[in-house]
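S.K.: Sequence below, structure please.
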Amino acid sequence: MTQDRTPDRQQAALDDRLSRIGRREWLVASGTFLLASCTGSANSTSSASRPAPSVTSRGDDEIARIMRLATVPGMSIATVRGADVLVEGFGVRRAGTGDHVSGDTVFEAASLSKPVFTAIVLQLAAEGVLDLDKPLGDYLALPNPGDERSKSITATHVLSHSGGWRNWRGGRDVTLTSDFPPGSRFSYSGEGFFFLQRVVEKLTGRGVSQLVRERVFEPLGMRSSGFIWRPELDAALASPHSNRGVPMDSHNVRMSKAFRGLGETKPVDEWTNEDVERAMPRADANLPVLPNFLVPNAAASLMTSARDYGTFVRWLLGAGPVSGGRPILDRMATQRVAINDALGWGLGIGVERLDGRQYLWHWGDNPGFKNFVVVEPAASSALVMFTNGNAGARVYERVIRARTGVDHPGFLWI
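M.R.: Below you'll find the model as predicted:
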């Protein structure tokens, strides 16, 4: 991606326009300037192998200052514009080291896993493998077969978080029930996504890691992605950090290593949930065999880089060398349930309406990793942000506001 003007000339042009444009237009214009001046570090690259935009130390210094104040060691960004994916890295992969973050650093995507899994589900629905409006209990025994409301939960309800199941069960004695008539309102549920994962595994005969690799990662060239840790990711892996910037343990990595150490003949990357449940007591007898503790996990266990996730979003927007993504995005973008007058949920992604524009978005929140993606389909543009600190949301919110000129209602709701 190239810039026709230097940052100083851009600012002069903006100053000349300020007396002639309204507040929103100014915000968008100033966001464009900030994108140019804040974009980049030595790690900035473009998927199209074009020169990086002009950069100034002021932009890098301001991002570094915000990260330092929030005690967030590292951040990686992908900016999608049409067929271009521009990536940047800031800070370090692990506090106290000189291992710099780049656009290829691998983060835990947390709930940014859900849109990727949703794309697989919609592919299967288009192929007639899965009926989105058929009760999931018709495919697989429900977690609580005695709960009458749960009997009507469909894949559409799960993907739109309107099935009534709570987010996660934290203990063995917690019974999973639907708290309201499915489809009547919104209630975020990782449990729903995990149960749909089990249904998909049964219908395809493949574990979710293998399925996503075959249907998304390999076709799109996403070489730094997986729903379960594997040894070759270590060279670029970011560590999670506490609110005070202290490195933390990664549950995903720890459990994945434990599974690989069990000596099973079937490759861990091909395991289904049944394989994982059989292995759990040997991998960690102290953990309950419940969805929140199991990996791979369609709701939350994706490990990926900003470049890879930007490539996935580019595909959804209909650009890049592989076709088929835009019809999936269009189906995801149709609102199925309202949250408030600005926000709702489609299939696997949030829907936001602001000043006549539609944005699609999702946040990710694992211990030590806070992430965000926002997409404007009409503009074929998106921002992807990964951070490896518990206060990362404070950083990505500020950067997104500066770069887009938009104060997204989703920030207030999360």
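S.K.: Ramachandran angles for R166?
M.R.: The phi/psi pair for R166 (degrees, to the nearest 10) reads phi -70, psi 170.
S.K.: That one against L176, yeah?
M.R.: Yes - counting by C-beta atoms under 8 Å, R166 touches L176, with 7.3 Å between them. Just so you know, the C-beta spots here come from the backbone N, C-alpha and C atoms, and that holds for glycine as well.
S.K.: Comparing those two, which residue is more hemmed in?
M.R.: L176 (20 against 17; other C-beta atoms under 10 Å).
S.K.: show me what contacts that one?
M.R.: Residues near L176 by C-beta atoms under 8 Å, 6 or more residues apart in numbering: 143-144, 147, 150, 165-166, 169, 191.
S.K.: Could I get the full set of strands for the stretch 301-414 of the chain?
M.R.: Ranges of strands in the stretch 301-414 of the chain, per DSSP state E, counting those that start in this stretch, are 302-305, 337-338, 343-345, 350-354, 357-366, 369-376, 381-387.
S.K.: Tell me which of these lies nearest to T118.
M.R.: The closest of the strands of the stretch 301-414 of the chain to T118 is strand 357-366. By C-beta to C-beta, the value is 9.8 Å.
S.K.: in its sheet, what does the closest one sit against?
M.R.: strand 350-354 (antiparallel), strand 369-376 (antiparallel) (DSSP bridges).
S.K.: Burial-wise, tell me which of the ones you listed comes out on top.
M.R.: strand 369-376 (a mean of 26; mean count of other C-beta atoms under 10 Å).
S.K.: What mean pLDDT does that strand get?
M.R.: What strand 369-376 shows for mean pLDDT is 98.
S.K.: Stretch 241-250 too?
M.R.: What stretch 241-250 shows for mean pLDDT is 97.
S.K.: Where do the helices of the stretch 201-350 of the chain begin and end?
M.R.: 208-212, 218-220, 251-260, 273-283, 306-316, 325-332 (DSSP state H, counting those that start in this stretch).
S.K.: got the residue ranges for the helices in the stretch 1-150 of the chain?
M.R.: Shown for the stretch 1-150 of the chain, the helices assigned by DSSP H, counting those that start in this stretch span residues 7-17, 23-38, 57-70, 113-126.
S.K.: and the closest residue to G96 other than its chain neighbours, what are its bridge partners?
M.R.: Distances taken as C-beta to C-beta, 6 or more residues apart in numbering place P247 nearest to G96, at 7.8 Å, with adjacent residues excluded. With DSSP bridges as the criterion, P247 is bridged to H241.
S.K.: K266: how many residues sit nearby?
M.R.: With other C-beta under 10 Å as criterion, K266 counts 10.
S.K.: Tell me the spacing between the spatially most central residue of the chain and N243.
M.R.: Closest to where the C-alpha atoms of the chain average out (C-alpha atoms, centre = their mean) is L112, at 1.8 Å. From L112 across to N243, the span is 21 Å (C-beta to C-beta, to the nearest Å).
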